[in-house]
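**Student:** turn this into a structure:
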Amino acid sequence: MYKLQVHKPAEHYVAFLPPVVKSAALLSADTNMLKATIDDAIRQSIINSKQLNLISQDEVAPIVQSGKAKLTFADKLHKLKQATGAQEVVTAELNCMQPQCYLTLVRLEAPNWTVKARKQWPIITDNYSQMYHSSSQQLTALFPDFDSKYIAMAQLSDEVQIEHIELYQKVQQVGDYTEQLFMRIKEAIEQTPQLYANYELLREVALSLYQQSQQTEYLDIANKLLFNSPTAYQNTPAFAKNAMLIAVARQDWLAAKQYLTKAEQVGANTLTLYELQGLLYLQQDQLPEAQQAFELALKIRVSPIIKQNLAQVLWWQGQIEEAKQLLNEVINVSPQNYMANQLLADIALTEGELVVAIKQYKQAIEIKPDSIDLSNLSIAYSLQGEFEQALVVAQQAVDINPEHISFRLNLADIEKALGLSESYPANYLKVVELTQDKLTLDSYLEVAQAYSQLGEAKLALQALNKAISIASDHNEYVFTAALVYSVIGEYQSALMYIEKSLAIGYHPMWFNLPWFKSWCQKEEFIALLQQYDSSFSCASVLN
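**Tutor:** Residues are numbered from 1 along each chain as shown. The predicted structure follows:
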């Protein structure tokens, strides 16, 4: 942490608003492709500047695209500064009136959003390569005071540029992450490795597919392509950040630390270094250190993403009210912020506020449908005793990601709770199959649950013991141990882990699931749960 606190020049943060296209129905070109071309060209030019720092789309879009608030343009800019600490904003407008199209870039400066610079030039809308290159050049001209670049941007053929823009559009504007899209990005990089903007698309889609499927091949392919990239690109902060995030996902902590050091060496800004350091600490379960890194980052610039990361750290350390306060600060400025709504739902679920959890998950799903939220929503319905509704939602999550182990396990649990004996054994066996070659804590916990539900007590305990040996100093295994011992009928061991689960923050409602029904006749079990919730009873357990 000390190493990152060296003196650096003041950092300059720029937000780029989504481009606007105005035409008198004269355009033959695809309007969305035009927007994506301009959007990517300007963003990559800011990223490529050694002195400018781009505020991410994830921070900007929920504010400027909010249709419900009916804010004026000036109000949105003030809200943007409040939420992100933007010092300047760049706008782009493509105006096509017969017989010519013109692209206008405007540089606006906080706090009064006065026009600091303006560039306008004619555009040929059916030449994407020229449009991309000229947009990049004009952005540089718009910021003559910040003209130092990391690498020269390659001028490419229109065919290559169109393919890249189509990929960019699918990733950044549609968000449709599929294996087919991943393979298209892979092929584009193999054919044109000097098109550096594709590496960020590769990393984003690879991490998303891995998170949804748990298939490490996406990370392996992305890692290999990154390290086959041109040397010039490997000496940029963008490369170091992409490499580090993939290393963190692979839990290769040594490599992640090396890329963090490299990011600093090649000139990454201090905010990025603190943010990456915080993510590394968070994934290694070093929560006090993660908290310190995120708090230092927030001192440099207000950021909803960093607030969300800090809220997660606070929540995991038991500082629930402080976490909620941070998330509500984000939502007050940006009601459509996906991550803030999702985290509030997760917190509500663990606290036993099921009505709030269901409402927040539905809100998050409305903003961005995600199988993780569908699976968690099904868990909330299960805890509320609404197993039929839970089944519908859990099936949706599995249909989207059939290879995701925990989604499949959740579906099997719900099917067993409903007595669907024709389907649940196959799903538990699928969990066992999917975990065959995995030696991680999560896979051992998942296979332990599956074996216990299939009546294979010995195999369940073998897997559970392997998990405990990995995580003996942590608490990840405690609730699973309570569940497994309950299912196989070992009361004293189950009670010990139920008590541990309650002590680390599990709400008593989690023990109202069918797997704990056999203990409802035991006064010791009821008394323990009522220490944490005086109203607890077994009345709502599914018969």
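**Student:** can you pull out the helices in the stretch 201-350 of the chain?
**Tutor:** In the stretch 201-350 of the chain, the helices defined using DSSP state H, counting those that start in this stretch lie at 217-227, 231-234, 237-249, 253-265, 270-283, 287-300, 304-316, 320-333, 338-351.
**Student:** what does the stretch 1-150 of the chain give?
**Tutor:** Using DSSP H, counting those that start in this stretch, helices in the stretch 1-150 of the chain cover 31-47, 57-64, 73-84, 128-142.
**Student:** for those, give me CSV that also has distance to residue 343.
**Tutor:** All C-beta atoms are positioned from the backbone trio N, CA, C, and that covers glycine. Output for the helices of the stretch 1-150 of the chain, formatted as CSV (distance: least, C-beta to C-beta, whole Å):
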stretch, distance to residue 343
helix 31-47, 26
helix 57-64, 14
helix 73-84, 16
helix 128-142, 34
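**Student:** thinking again about what came up before, export the helices of the stretch 201-350 of the chain as JSON lines, with columns for mean pLDDT, mean neighbour count and distance to residue 502.
**Tutor:** Output for these, formatted as JSON lines (pLDDT from 0 to 100; neighbours: other C-beta atoms under 10 Å; distance: least, C-beta to C-beta, whole Å):
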{"stretch": "helix 217-227", "mean pLDDT": "95", "mean neighbour count": "18", "distance to residue 502": "36"}
{"stretch": "helix 231-234", "mean pLDDT": "94", "mean neighbour count": "13", "distance to residue 502": "50"}
{"stretch": "helix 237-249", "mean pLDDT": "95", "mean neighbour count": "23", "distance to residue 502": "32"}
{"stretch": "helix 253-265", "mean pLDDT": "95", "mean neighbour count": "17", "distance to residue 502": "32"}
{"stretch": "helix 270-283", "mean pLDDT": "94", "mean neighbour count": "22", "distance to residue 502": "25"}
{"stretch": "helix 287-300", "mean pLDDT": "95", "mean neighbour count": "19", "distance to residue 502": "21"}
{"stretch": "helix 304-316", "mean pLDDT": "92", "mean neighbour count": "23", "distance to residue 502": "17"}
{"stretch": "helix 320-333", "mean pLDDT": "91", "mean neighbour count": "17", "distance to residue 502": "16"}
{"stretch": "helix 338-351", "mean pLDDT": "90", "mean neighbour count": "22", "distance to residue 502": "12"}
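**Student:** figure out which of the ones you listed is closest to residue 14.
**Tutor:** Nearest to residue 14 among the helices of the stretch 201-350 of the chain is helix 270-283; the distance by C-beta to C-beta comes to 13.1 Å.
**Student:** contacts made by the closest one with the rest, please.
**Tutor:** 1, 4, 8, 11, 53, 237, 241, 244-245, 248, 251, 253, 256-257, 260, 263-264, 268, 287, 289-291, 293-294, 296-297, 300-301, 303, 305-306, 309-310, 312-313 (C-beta atoms under 8 Å, 6 or more residues apart in numbering).
**Student:** sorry, back to before: now the helices of the stretch 201-350 of the chain in CSV, with distance to residue 447?
**Tutor:** Converted to CSV, the helices of the stretch 201-350 of the chain look like this (distance: least, C-beta to C-beta, whole Å):
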stretch, distance to residue 447
helix 217-227, 21
helix 231-234, 39
helix 237-249, 22
helix 253-265, 25
helix 270-283, 23
helix 287-300, 28
helix 304-316, 25
helix 320-333, 31
helix 338-351, 24
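**Student:** shaky segments in this structure?
**Tutor:** 1-10, 24-29, 66-69, 98, 471-474, 539-543 (pLDDT under 70).
**Student:** can I see the domain layout of it?
**Tutor:** 1-155, 466-543 (automatic domain parsing).
**Student:** closest to residue 438 out of these?
**Tutor:** domain 466-543 (11.2 Å).
**Student:** just list the residues touching the closest residue in space to residue 441 that isn't next to it in sequence, thanks.
**Tutor:** Nearest non-adjacent residue to residue 441, counting by C-beta to C-beta, 6 or more residues apart in numbering: residue 470, 4.7 Å away. Contacts for residue 470 (C-beta under 8 Å, 6+ apart) come out as 440-441, 444.
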